[in-house]
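Enquirer: Quick one, fold the following:
(one chain, ligands or ions: 1)
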Amino acid sequence: MNSLTYFDYAATAPLCPQALEAMTQALAHFGNPSSRYAYGRQAAQAVQIHRGTVAQALGCTLGEVYFTSCGTEGDNWAIRKGVELGRRRGRHIITTAVEHAAVLETCRDLERQGYAVTCLAPDKAGRVTVEQLRSALRPDTALVSMMLVNNETGAILPVADCVRAVKAFDPAILFHCDAVQGFLKLPYTPVSTGADLITVSGHKVGGPKGVGALYIKKGVRLAPLLTGGGQEDGLRSGTEATAQIAGFAAACQAAMADTDRLERTAAIKQYTLDQLKTALPGLEIISPGDAPHICAVTLPGYPSEVLVRVLGDQGVCVSSGSACHKGKPSHVFAAMGLSRPWLSGALRLSFSPHTTREEADRLVEALQQASKTVFPTMS
Ligand code: PLP
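Expert: Take a look at the predicted model:
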């Protein structure tokens, strides 16, 4: 990563070499997949091959994958059109207080339009339980939206158990899962949870930004969010982003071929946490993260925004929470009931299978320095 020491893979990951190569090749073939001549047909065939690769990574069939422009689009599509589909059941949505803004803001918007939204509160570890979900179900519940892995704590939510509970209550209730942080990061595929609708995004897995996919289970008649030329089987209009799609698929392929990536990621995360605990006795672990690539720590009382900036000046990249918050305190940590000093000093660290011990040591050293020199009175 040049001179950067990068611990923000949950915000975005660098483009993997295989994705860059696939995108470069795809950019040279500029055909529009909708065109009827050979150049267009070749582009359409390539998109289908890439769809097959993403389907394999998701654990579904090729006909259940629809390319989108990002995870945010997938979440919006699934939730907005999912509730439309469930209109006859009612206007009640269940989600969790730890969802990404792409889900929470969409639910808030629907609330303004007259939907009732129940937000399940997490425990101190950032998890919700199947019992909480069961007791929130109502005769008018139309849709449940629950993420697979939380982007700030790395907590895994019990999606498969929750899908079973929801379907036992009423199979007509749609289950959407934002799997943006769980995709290719767990030893099972998102589709194995049984969810009806699943969102994933390219740039979290070594693919480019500006591409994602929505899994729509066979038989679920979701209406399009974007209407127009009728691409993606009429469900997602807009000329296919052929190069982004090629890069996304290549990144999925590369990850699937790297069979011990999860073990390596978990090992380097554990090493980093151990080193941090030894070097900074005041540091507390908010969440070690169930998923291999994310954890959250805090230096209670320290302003994490300043820590992030000071570390950043030294080329060490960490996050003070979700990169999407733009400086606001994390709603996830707040929902977990963290005390003010813990909230203030919260840092998210996220890892790749290629993160090295040298990088971990550099982070520890930089954080130790920052805590001593920038805030001498606190250490
Ligand atoms: N959902 C989760 C859990 C995320 O972490 C993110 C991005 O951080 C998104 C959705 C949005 O994905 P995108 O950046 O592709 O719009």
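Enquirer: what residues are up against the residue of the chain found nearest the ligand?
Expert: For the chain and the ligand, the shortest gap (CB to the nearest ligand atom) falls at residue 71, measuring 2.6 Å. For the C-beta atoms, the positions are set from N, CA and C on the backbone; glycine is no exception. Applying CB atoms under 8 Å, 6 or more residues apart in numbering, we find residue 71 in contact with 100, 102, 178, 180, 199, 200, 201, 204, 212.
Enquirer: Neighbour-wise, which one of the residues you listed leads?
Expert: residue 178 (35 neighbours; other CB atoms under 10 Å).
Enquirer: Can you read off the backbone torsions of that residue?
Expert: Main-chain dihedrals, residue 178, degrees, to the nearest 10: phi -80, psi 100.
Enquirer: Any idea what it is bridged to?
Expert: Beta-bridge partners for residue 178, by DSSP bridges, are residue 199.
Enquirer: Check what pLDDT it gets.
Expert: Reported pLDDT at residue 178 in the predicted model: 99.
Enquirer: surely it meets residue 99?
Expert: Yes. Using CB atoms under 8 Å, residue 178 is in contact with residue 99, at 6.6 Å.
Enquirer: Mutual contacts of the two, please.
Expert: Taking CB under 8 Å, 6+ apart as the contact criterion, the common neighbours of residue 178 and residue 99 are 145, 146, 147.
Enquirer: ok, the second one to residue 163 distance?
Expert: For residue 146, the distance to residue 163 under the criterion CB to CB, to the nearest Å works out to 9 Å.
Enquirer: And these two? Which one has more around it.
Expert: Each of residue 146 and residue 163 has its neighbours counted (other CB under 10 Å); residue 146 has more, 25 against 21.
Enquirer: is the ligand contacted by stretch 150-169?
Expert: Yes. Stretch 150-169 comes into contact with the ligand (CB under 6 Å from any ligand atom), by way of residue 151.
Enquirer: What is the end-to-end distance of that stretch?
Expert: One end of stretch 150-169 sits 25 Å from the other (CA to CA, to the nearest Å).
Enquirer: Offset the numbering so it begins at 50, please.
Expert: Noted, 50 is the first residue going forward, which turns the last one into stretch 199-218.
Enquirer: quick one: buried residues of that stretch?
Expert: By neighbour count on 16 or more other CB atoms under 10 Å, the buried set for stretch 199-218 is 199-212, 214-215, 218.
Enquirer: start to end distance for stretch 378-388?
Expert: Across stretch 378-388, the terminal residues are separated by 12 Å (CA to CA).
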